[in-house]
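A.B. asks: just a sequence and a predicted model for now, questions to come.
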Amino acid sequence: SLNILDVCGLQNASFGNWGDTSDDAVTISNAADHIYRKFIFTGEQMTGAVFVGEANDLGMLTDVGMVKGIMQTQTELGAWKDFLKESPFDVRRAYIATGVAAKLAQTTLLGQKAQPRGYRFGGQTDQSAVDGSHAQLVSPKAAAMEKAAEVAEAMAAEAAAAGESAEA
């Protein structure tokens, strides 16, 4: 579950088993800058997280959604677990490299196929042309999953290349 609380200009977002007292966790705390992050791991998976920060920072971070995706897909992080422990503010690299977006594209959150809502007057059908970049937003799910997988692979290769050049 995801819980978000906003009190006195500070937001708190907690996910999964955020109260777990496991030793396999990383915590970053900076009271002066109003920053707190905790990631909890079980084996190779992230199973809980807590974010606390100023409303303008925490609510605008994509890290909250990426961490939720990592946990929702129960992704085995492998070496990226150690990376997240060393760099808890660089969630994007682990998210991309482990292919979480492609895994999410293959799931449905409703547990069933989406049905048309029947909002068009007189049962008319959509007459919009599907072309260009709009096609990837409305194309069949299989094509969207292919595109997501291609993008994830390209970004993972880019992240790996950046990691290799940083090590050199």
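C.D. replies: Arrived safely. Not measured: the values here are computed from a predicted model.
A.B. asks: so what does the residue lying farthest from the centre of the chain look like in phi/psi?
C.D. replies: What lies farthest from the middle of the chain is Gly122; by Cα atoms, centre = their mean that is 39.7 Å. For Gly122, the backbone dihedrals are phi 70, psi 20 (criterion: degrees, to the nearest 10).
A.B. asks: do Gly65 as well
C.D. replies: Dihedral angles (degrees, to the nearest 10) for Gly65: phi -70, psi -40.
A.B. asks: same thing with Leu104?
C.D. replies: Dihedral pair for Leu104: phi -70, psi -40, per degrees, to the nearest 10.
A.B. asks: for it, which non-adjacent residue is closest in space?
C.D. replies: Gly69 (5.5 Å; Cβ to Cβ, 6 or more residues apart in numbering). Every residue, glycine included, has its C-beta placed from N, CA and C.
A.B. asks: same check, this time on Gln74
C.D. replies: Closest to Gln74 by Cβ to Cβ, 6+ apart is Gln45, at 5.7 Å.
A.B. asks: what's that neighbour in contact with, if anything?
C.D. replies: The neighbours of Gln45, taking Cβ atoms under 8 Å, 6 or more residues apart in numbering as the test, are 71, 74-77.
A.B. asks: can I assume Pro88 is in contact with Phe39?
C.D. replies: Yes. Between Pro88 and Phe39 there is a contact under Cβ atoms under 8 Å: 6.0 Å.
A.B. asks: compare the two (neighbour count), which wins?
C.D. replies: In this view Pro88 and Phe39 are compared by other Cβ atoms under 10 Å, and Phe39 has more residues nearby, 25 against 19.
A.B. asks: helix, strand, or coil at the more buried one?
C.D. replies: strand (DSSP: H, G, I helix; E, B strand; the rest coil).
A.B. asks: tell me which residues touch it, please.
C.D. replies: Phe39 touches 25-26, 46, 48-49, 67, 84-85, 88, counting by Cβ under 8 Å, 6+ apart.
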